[in-house]
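Novice: need the 3D shape of this:
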Amino acid sequence: MKKLNLNENFICRIWENDDYYKALKTKQGEEVVILDYGNRNKDAGPDYSDAKALINGKLKCGKIEIHQSSADWRKHNHQKDSNYDNVILNVSLWDDNSKDSIVNSKGNIIPEIILSHFLVSSINEIWREIIETPSKSFKLPCFPDVAIVNPEKKKDWITQLSKDRLNKKIHRIKERLNEIKSNPTAIEQVLFEFLCESMGYSKNKKQMLKLAQSVDFVKIKVKNLLESQAVLFETSGLMDNAPEDDYIKEIKGLINLNVISTKMKPSEWNFFRLRPSNFPTLRIAYAAALLYQLKSCNFFESVIKIFENSKQIRKDLYSLFSSIETPDYWKRHYNFAKTKNKPSELIGNNRIDEVLINVLIPFVCFYARVKNNNRLEENCIDLYFRCKHRSTNSITRVMQLQTGIKIDSFSDEQGLIELHNEFCIKGRCNKCTIGIELTPGIVAEPLTLIMY
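Specialist: Now for the predicted structure:
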């Protein structure tokens, strides 16, 4: 597992959310059950007080210390500091492979957990999830001084960053198309892959992308919506343990294993702490509708025509996505044999906006450049920069408040996300127009400046 340089505030965010790990044990092999994380301490001394834990079945009450590496206990000289004598548990993200136990000033051994050994997802995935959900203590390095920076200068910087972010998305599309350029249906396949990814929300983005890449797009021949559901639900692996009802029996009879290159495992999908409306089963059901549209209904051509000819592109795309025939079963169910309180559609305008920003605008922009269609590209760019938009993104809500930059368009939102992801959380203030103005000669300090 790659050792990201995460500060202790990030590690505390991981520690406080037991979704990120399971079956904790100390380095000595003792089982650990946390009963109470205690109270967070932002001053000198151990990171948590009044914590309670069962260690090897015995109740322990006291303090918990958090470190990046187990070597930090000795580096910080805690073994000489009596303030750490009441520590019941030292939690280190990484192991330094030392065979020496850590001890307090009395020479007593402190039980230690190496948290990275028990994570249920990769550290990169966890890091990404944490930065996408800032805590109440989130604070930019330049806040509140950023308020004195000229508003036009800030706006110009955000505009440039929004262009950079759009070009990154376009480049990613180009790279993926180059990977499968021998595929006669490459354009439709890559569009399907990125549409699926955008449907996955933060918890199942990678899984939805893998799902789309696990079916042979060339071989797939779907005559109706049921057949496309059979392909995707069988590929997902989620039908393996599903209770059989009439719907399951019907689509199981339509499965064509020849079009499935890789079958996924049910355990790959995230359901925990998701609203039923965001369950991956519903995302897959809508993906099945998109698959049928792409394979049988000239969906891509319809998208291009809207971008080329419509006077109200966004509204017409809402209509296009909302009019797609979706499975009746999934209007009434959120999981196999689990009914909703009341029937509902599988996609709303907020999700269509996400698809528009992250997939359709960059995709159509790329397509326009390949075809030398200046008018089509201009329509894309105009929509990106001029279309009114109120962001619901948790990152941008905080970024607007702290930078004083108001989001009026798709591009404003994307520019602020790019600022957050590529500069703020990476400590690249020395490369940021705002940071340079506030502190000339500032030096980068990755991931140690922001309180998460």
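
Novice: check which residues of stretch 72-85 are buried.
Specialist: Residues of stretch 72-85 classed as buried: D72, W73, H78, Y84 (neighbour count, 16 or more other Cβ atoms under 10 Å). Every C-beta, even on glycine, is put in place using the N, C-alpha and C of the backbone.

Novice: in a strand, K311, correct?
Specialist: No: using DSSP: H, G, I helix; E, B strand; the rest coil, the secondary structure at K311 is coil, not a strand.

Novice: so what's the spatially closest residue to D245 that is not a sequence neighbour up against?
Specialist: Among residues not flanking D245 along the chain, A337 sits closest, at 5.2 Å (Cβ to Cβ, 6 or more residues apart in numbering). Contact analysis of A337 by Cβ atoms under 8 Å, 6 or more residues apart in numbering lists A242, P243, D245, I248.

Novice: weed out the non-buried ones from the residues you listed.
Specialist: Here, 16+ other Cβ under 10 Å leaves A242, I248 buried among those.

Novice: show me what the lengthiest strand in the chain is packed against.
Specialist: Counting residues, the longest strand found in the chain (DSSP state E) is strand 58-69. In terms of contacts (3 or more Cβ pairs under 8 Å, 6 or more residues apart in numbering; DSSP states H and E), strand 58-69 is packed against helix 8-15, strand 48-55, strand 87-94.

Novice: any chance you could map the strands in the stretch 351-452 of the chain?
Specialist: Counting by DSSP state E, counting those that start in this stretch, the stretch 351-452 of the chain has no strands at all.

Novice: next one: the stretch 101-250 of the chain
Specialist: Taking DSSP E, counting those that start in this stretch as the test, the strands found in the stretch 101-250 of the chain are 112-114.

Novice: any regions of it where pLDDT drops low?
Specialist: 135-137 (pLDDT under 70).

Novice: tell me the contacts of N41?
Specialist: Counting by Cβ under 8 Å, 6+ apart, N41 makes contact with D47, Y48, S49.

Novice: and the pLDDT for it?
Specialist: Looking at N41, its pLDDT is 86.

Novice: phi and psi next, for it.
Specialist: Main-chain torsions, N41, degrees, to the nearest 10: phi -110, psi 120.

Novice: offset the numbering so it begins at 37, please.
Specialist: Okay, residue one is now 37; in that scheme the one you just asked about reads as N77.

Novice: so what's V251 bridging to?
Specialist: I296 (DSSP bridges).

Novice: what is the neighbour count of it?
Specialist: The number of residues packed near V251 is 21, by other Cβ atoms under 10 Å.

Novice: next, name the residue at the spatial heart of this protein.
Specialist: S238 (3.5 Å; Cα atoms, centre = their mean).

Novice: contacts only, for it.
Specialist: R164, E165, E168.

Novice: and the gap between it and R319?
Specialist: Separation of S238 from R319 (Cβ to Cβ, to the nearest Å) stands at 12 Å.

Novice: right, so of the helices and strands packed on strand 94-105, which gets closest to I206?
Specialist: For I206, the closest of those is helix 44-51, at 31.0 Å, according to Cβ to Cβ.

Novice: just the angle between the closest one and strand 123-130, please?
Specialist: 100 degrees (axes from the mean of the first three to the mean of the last three Cα atoms, to 10 degrees).

Novice: figure out how far helix 44-51 is from the centre of its chain.
Specialist: 18 Å (Cα atoms, centre = their mean, to the nearest Å).

Novice: what does stretch 231-248 give?
Specialist: Remark: stretch 231-248 is offset 10 Å from the chain centroid, using Cα atoms, centre = their mean.

Novice: flag every buried residue along it.
Specialist: Residues 231-237, 239-248 are the ones in stretch 231-248 that count as buried (16+ other Cβ under 10 Å).

Novice: can you check stretch 285-294 too?
Specialist: Residues I287, L290, I291 are the ones in stretch 285-294 that count as buried (16+ other Cβ under 10 Å).

Novice: which ones among those residues lie within helices?
Specialist: Under the assignment DSSP state H, these contribute I287 to helices.

Novice: of the buried residues of stretch 285-294, closest to Q225?
Specialist: Nearest to Q225 among the buried residues of stretch 285-294: I291, at 20.4 Å, using Cβ to Cβ.

Novice: surely that closest one and S272 touch.
Specialist: No: contact criterion Cβ atoms under 8 Å: I291 and S272 do not qualify, at 11.9 Å.

Novice: can you pull the pLDDT of the nearest residue to E458 once chain neighbours are set aside?
Specialist: Closest residue to E458 apart from its sequence neighbours, by Cβ to Cβ, 6+ apart: R464 at 6.9 Å. For R464, the pLDDT comes out at 88.

Novice: how many neighbours does R464 have?
Specialist: When neighbours are counted by other Cβ under 10 Å, R464 registers 17.

Novice: measure it to P312 for me?
Specialist: On the measure of Cβ to Cβ, R464 and P312 end up 40 Å apart.

Novice: can you check G74 too?
Specialist: Distance, G74 to P312, by Cβ to Cβ: 33 Å.

Novice: who's more crowded, these two?
Specialist: A side-by-side neighbour count of G74 and P312, using other Cβ under 10 Å, places G74 first with 20 against 14.

Novice: can you tell me how far the closest residue in space to the more buried one that isn't next to it in sequence is from N122?
Specialist: Once flanking residues are discounted, G74 sits nearest to A87: 3.3 Å by Cβ to Cβ, 6+ apart. Separation of A87 from N122 (Cβ to Cβ): 10 Å.

Novice: shared neighbours of the two, anything?
Specialist: G98, K99.

Novice: the two: which is more packed in?
Specialist: More crowded of A87 and N122, by other Cβ under 10 Å: A87, with 21 against 13.

Novice: so who does the more buried one touch?
Specialist: I70, D72, Y73, G74, C97, G98, K99, I100, I124, L125.

Novice: how many other residues sit next to the fifth one?
Specialist: By the measure other Cβ under 10 Å, the count of residues near C97 is 13.
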